[in-house]
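Student: pasting the structure only:
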């Protein structure tokens with residue numbers, strides 16, 4: 001069974017797709033993530049972020065609103081994506097309580113620009 005296989009919430013033995021979508025918005029790109037981000041789907045997330053940054057957007061926003069859990073592997077993927085953006089903008093948006101806690105515990109909240117909403121992340125130029 002594919003780790004990226006989408007499923008209905010609560011379906012035993014199945015995981016939600018880690019990447020919910022990629023959308024271009026006014027010179028920037030928003031990558032929406034969801035579910036549990038960990039070792040098992042890190043490549044899916046890495047590929048989506050790499051593809052989004054390859055289009056050389058002025059801004060890449062990672063929408064974390066639907067992320068329920070994030071481990072150190074997923075945090076490493078975010079660090080890698082930010083470094084690929086070089087001088088372009090990289091922002092995190094809408095982290096829930098658990099995701100925000102992972103960012104704080106790791107100290108990454110001090111290294112990423114984190115916004116409460118995707119709209120705020122896109123508007124803060």
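Tutor: Good, I have the coordinates. Note that the structure is a prediction, hence the values are computed from the model and not measured.

Student: now the terminal residues of stretch 87-105, how far apart.
Tutor: End-to-end distance for stretch 87-105, by C-alpha to C-alpha, to the nearest Å: 26 Å.

Student: starting at the chain centroid, how far to it?
Tutor: 8 Å (C-alpha atoms, centre = their mean, to the nearest Å).

Student: quick one: average pLDDT of that stretch?
Tutor: Mean per-residue pLDDT for stretch 87-105: 95.

Student: ok, residues contacting that stretch?
Tutor: The contact list for stretch 87-105 (C-beta atoms under 8 Å, 6 or more residues apart in numbering) reads 28, 30, 53, 56-65, 67-71, 75, 78, 81-82, 109, 112-118, 120-121, 124-125. Any C-beta I mention is one placed from the backbone N, CA and C, and that applies to glycine too.

Student: if we use 7 Å, what do you get?
Tutor: For stretch 87-105, the external contacting residues (C-beta atoms under 7 Å, 6 or more residues apart in numbering) are 57-65, 67-70, 75, 81-82, 109, 112-118, 121.
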